[in-house]
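A.B. asks: Below: sequence and its predicted model.
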Amino acid sequence: MTGLRPRIVSVGTAVPSTSYTQQEVLDFFGVDDPRVTGVFLNSAIERRHLTLPPAAVDGSWRTETQGELLRKHRASGIEMGSRAVEECLKSEGAHLSDVRHLCCVTSTGLLTPGFSARLVKELGLATSCSRLDVVGMGCNAGLNALSALSDWALAHPGQLGVMVCLEACSAAYVFDGTMRTSVVNSLFGDGAAAVGVRADLATAEPEAEGPALLKFASTMMPEAIEAMRYDWDDDQGKFSFYLDRDVPYVVGASAEEVVGRLLAGTGVRRADISHWLIHSGGKKVIDSVRVNLGLTVHDVRHTTGVLRDYGNLSSGSFLFSYNRLLDEGLANSGDYGVLMTMGPGSTIETALVQW
């Protein structure tokens, strides 16, 4: 088989050094409302990596201003993103000087210049490195950006492009005691994930360089456009994220349709998919997608494992699952996989890959 094929050639992840169990987070904020504790302790999450607010003089936690949250977004994003990129390059034996394109994805704050410019400076990347910042698209954005990176790789054969998702979700928290904010605060964790993509001529041993990106497909549900969104909270003086309680069912009901379009015309059937790497959006989201696609608990083991150990890492979650699949060593030449993310819009993004 000949022709250019963009491939995932490397991946790297990074999280903050501090992590907490769900009970430790509740204890930190002094939460004893049974409704809130129930949300935290029944989330299928055991631990999350977070950068919690600084302590006040008396040892209690202090509410962060929006300015402080934005500074946390910048500092945490640069630190985690740098480590994720370095790990990504190390896993392929590549160097910082090899990076020709950098795409940065985030939804946990606004920054100008964006993370792409700041990582070029922080890492010492070539000043000629082309850049793209994808901001505010939410948890689905990793696949939106990967699609753009795949196109860039096809237009620049042999050159290395890197996408990095930098999500300091604890820089988007609001603590007001309401169930609205408690659901968000119980779910999201901090983390960054980077992926390297290169387009070369197809070879007889594709497994040597990772899976080929064969096709992307997406669907948007405009009727649910307000189901996941940022609002400005005048009382708190902060942006506040909102998740509608029906999000899992809206997403699950559309999963089969978008996967059908992803596979249409490829000759690949759903039964041919060996690996499902789905965004760890929450227990109900995972269960809804699994039921609607007829998947087993084993099929989504990486997704549920990431949720358990990290929480919802927003746009980079699916790459943490991909990393776990690689660690298993069970992806064989010829295997097909589906990557799936979902987020505001409401939107589902998918990609078909083959080892």
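C.D. replies: Thanks, I have it. Numbering: from 1, shown residues only.

A.B. asks: Contacts only, for Ser346.
C.D. replies: By C-beta atoms under 8 Å, 6 or more residues apart in numbering, the residues touching Ser346 are 220-221, 224-225, 227-228, 247, 250-251. The way it works is simple: take the backbone N, C-alpha and C, and place the C-beta from them, glycine included.

A.B. asks: Which residue ranges of the stretch 1-150 of the chain form strands?
C.D. replies: Taking DSSP state E, counting those that start in this stretch to define them, one finds strands in the stretch 1-150 of the chain at 4-14, 19-21, 47-49, 99-106, 130-135.

A.B. asks: Please produce JSON lines containing those, extended by mean neighbour count and distance to Ala351.
C.D. replies: Shown next, in JSON lines, are the strands of the stretch 1-150 of the chain (neighbours: other C-beta atoms under 10 Å; distance: least, C-beta to C-beta, whole Å):
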{"stretch": "strand 4-14", "mean neighbour count": "23", "distance to Ala351": "10"}
{"stretch": "strand 19-21", "mean neighbour count": "16", "distance to Ala351": "29"}
{"stretch": "strand 47-49", "mean neighbour count": "22", "distance to Ala351": "26"}
{"stretch": "strand 99-106", "mean neighbour count": "25", "distance to Ala351": "15"}
{"stretch": "strand 130-135", "mean neighbour count": "17", "distance to Ala351": "15"}
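
A.B. asks: Looking at the ones you listed, spot the one closest to Ile78.
C.D. replies: Ile78 lies closest, by C-beta to C-beta, to one member of the strands of the stretch 1-150 of the chain: strand 99-106, at 10.2 Å.

A.B. asks: Show me what the closest one is packed against.
C.D. replies: helix 66-92, helix 115-123, strand 130-135, helix 141-155, strand 160-167 (3 or more C-beta pairs under 8 Å, 6 or more residues apart in numbering; DSSP states H and E).

A.B. asks: that older thread, format the strands of the stretch 1-150 of the chain as a markdown table; extra columns: mean pLDDT and distance to Trp355.
C.D. replies: Converted to a markdown table, the strands of the stretch 1-150 of the chain look like this (pLDDT from 0 to 100; distance: least, C-beta to C-beta, whole Å):
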| stretch | mean pLDDT | distance to Trp355 |
| --- | --- | --- |
| strand 4-14 | 96 | 10 |
| strand 19-21 | 97 | 32 |
| strand 47-49 | 98 | 29 |
| strand 99-106 | 98 | 23 |
| strand 130-135 | 98 | 26 |
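
A.B. asks: circling back to that earlier point, deepest in the core, which of the helices and strands packed on strand 99-106 is it.
C.D. replies: Ranked by mean neighbour count, those are led by strand 160-167 with a mean of 30 (mean count of other C-beta atoms under 10 Å).

A.B. asks: so where's this protein shaky on pLDDT?
C.D. replies: 1-2, 202-208 (pLDDT under 70).

A.B. asks: Tell me which residue of it is furthest from the middle?
C.D. replies: With distances taken as C-alpha atoms, centre = their mean, the residue sitting farthest from the centre of the chain turns out to be Asp58, at 36.5 Å.

A.B. asks: bridging residues for Leu160?
C.D. replies: In this structure, Leu160 bridges to Val99 when assessed by DSSP bridges.

A.B. asks: Verify the stated contact: it with Arg198.
C.D. replies: Yes. With contacts counted by C-beta atoms under 8 Å, Leu160 reaches Arg198, the gap being 5.2 Å.

A.B. asks: ok so, going back, distance to Leu307 added to the helices and strands packed on strand 99-106, as a markdown table?
C.D. replies: Listed next are those as a markdown table, based on distance: least, C-beta to C-beta, whole Å:
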| stretch | distance to Leu307 |
| --- | --- |
| helix 66-92 | 19 |
| helix 115-123 | 25 |
| strand 130-135 | 23 |
| helix 141-155 | 16 |
| strand 160-167 | 14 |
